[in-house]
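J.: Quick one, structure for this:
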Amino acid sequence: MKRLLTAAVGVPLALAAIFRLPGWGFFLVCAVLMTGAAVEFARLARNAAPHAPWWALPVLVPLVAAAFARGLADGVVVDGFWALGLGAGAAIGLGALVLLARTPVVEAFAGLGGLAFGVPYFAVPVAALYRLQRHDPWVLFLLLAIVWLGDSAAFYVGVRFGHHRLAAVVSPQKSWEGAAAGFATSVASVVVWSLWRLDGIDAQLIAIGAVTALASQLGDLVESLLKRAAGVKDSGEILPGHGGLWDRMDSMLFAAPVMLLLLRLAGYEGLP
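T.: Predicted structure coming up:
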């Protein structure tokens with residue numbers, strides 16, 4: 001019941017943000033949510049490297065997200081040197097940060113690895129969500145349908161009919177039956193959206209939606225893996241029935257960048 005009540009409040013707020021907020025306002029909302037998720041990530045990662053500079057993660061996430069969003073803006077030409085500079089800055093900057101923070105040698109690998117993974121893990125989806133909203137709010141609505149409807153179907157079918165464990169060590173509650181139901185529901189949502197918005201079935205868009213659905217489920221499993229490593233069930237308690245912000249955003253962290261990239265590669269008009 002808590003899960004449904006939280007969704008009843010959260011879904012209208014998310015739709016209002018997508019369709020009513022200007023680009024900069026929507027970016028700020030996404031950045032705040034992802035930064036909150038990054039705080040939860042850092043709190044759990046501290047178990048592996050207690051003295052690493054985890055405070056830097058929520059500081060860097062919105063800054064890097066803004067850099068990516070700028071790079072994806074209309075009329076901005078991003079070349080290889082921009083990407084080279086960003087990669088070099090990440091490697092050198094994070095390495096220097098861990099060193100200057102006097103992180104104990106035994107924690108260096110865990111600290112540097114967690115920061116190097118965590119910054120793009122939370123920052124890139126912010127830029128992807130922002131770009132999708134700027135391109136067409138209805139496309140972002142489709143992404144939410146793929147992720148949220150698929151997640152709900154996987155949860156309820158898995159609880160009721162799940163008998164074959166999908167990843168018993170990582171997430172004992174997830175089943176192949178639930179995963180199949182979630183995938184089918186996600187693809188069905190793309191078919192319905194295509195008929196509704198495009199007056200026909202776009203096979204290429206359905207293929208993009210199918211890959212996005214797989215990325216969504218993979219994102220969920222990766223978060224489960226990290227939580228299992230930290231020895232916790234939920235990343236937080238801020239959302240009744242759902243856990244923390246990271247718990248609610250886990251699937252979107254992979255799905256949003258994958259969908260944006262696939263739409264761009266497919267040549268959909270208006271994407272960078």
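
J.: Where does the closest residue to residue 243 other than its chain neighbours sit, in terms of helix or strand?
T.: Sequence neighbours aside, residue 234 is the residue nearest to residue 243 in space, at 3.2 Å (criterion: Cβ to Cβ, 6 or more residues apart in numbering). Every C-beta, even on glycine, is put in place using the N, C-alpha and C of the backbone. Using DSSP states H and E, residue 234 sits in no helix or strand.

J.: can you check residue 93 too?
T.: Going by DSSP H and E, residue 93 is part of helix 80-100.

J.: Buried residues of that helix, list them for me.
T.: For helix 80-100, a neighbour-count test (16 or more other Cβ atoms under 10 Å) marks 86, 90, 94, 97-98 as buried.

J.: what's that helix in contact with?
T.: 52-53, 56, 67, 71, 108, 111-112, 115-116, 119-120 (Cβ atoms under 8 Å, 6 or more residues apart in numbering).

J.: Of the residues you listed, select the buried ones using a PyMOL command.
T.: To isolate the buried subset of these in PyMOL, counting by 16+ other Cβ under 10 Å, use the following:
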select buried, resi 52+53+56+67+71+108+111+112+115+119+120
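
J.: Where does confidence bottom out across the contacts of helix 80-100?
T.: Among these, residue 71 has the lowest pLDDT, at 78.

J.: Off-centre distance for the helix or strand where residue 58 lies?
T.: Using DSSP H and E, residue 58 sits in helix 56-71. Remark: helix 56-71 is offset 14 Å from the chain centroid, using Cα atoms, centre = their mean, to the nearest Å.

J.: try stretch 153-162
T.: 22 Å.

J.: quick one: contacts of it?
T.: Contacting residues not belonging to stretch 153-162 are listed as 173-179, 181-182, 184-186, 217 [Cβ under 8 Å, 6+ apart].

J.: Rounded mean pLDDT for that stretch, please.
T.: On average, stretch 153-162 scores 84.

J.: Mind listing what's buried along it?
T.: 153-155, 157-158, 162.

J.: Going along the chain, name the helices of the chain.
T.: 2-20, 23-45, 56-71, 80-100, 108-135, 137-144, 150-161, 176-198, 203-230, 245-265 (DSSP state H).

J.: In space, what's closest to residue 69 - neighbours in sequence excluded?
T.: residue 127 (4.3 Å).

J.: got a list of what the one you found touches?
T.: Residue 127 neighbours (Cβ under 8 Å, 6+ apart): 65, 68-69, 71-72.

J.: what are the bridge partners for residue 171, then?
T.: Assessed by DSSP bridges, residue 171 has beta-bridge partners residue 167.

J.: ok, the closest residue to residue 15 other than its chain neighbours - contacts?
T.: Excluding the flanking residues, the one nearest residue 15 by Cβ to Cβ, 6+ apart is residue 141, at 7.3 Å. For residue 141, the residues meeting the contact criterion (Cβ under 8 Å, 6+ apart) are 15, 18-19, 193.

J.: Please tell me how far the nearest residue to residue 198 once chain neighbours are set aside sits from residue 195.
T.: Closest residue to residue 198 in three dimensions, ignoring its sequence neighbours and counting by Cβ to Cβ, 6+ apart: residue 205, at 7.6 Å. Counting by Cβ to Cβ, to the nearest Å, the gap from residue 205 to residue 195 is 11 Å.

J.: Good, wrapping up.
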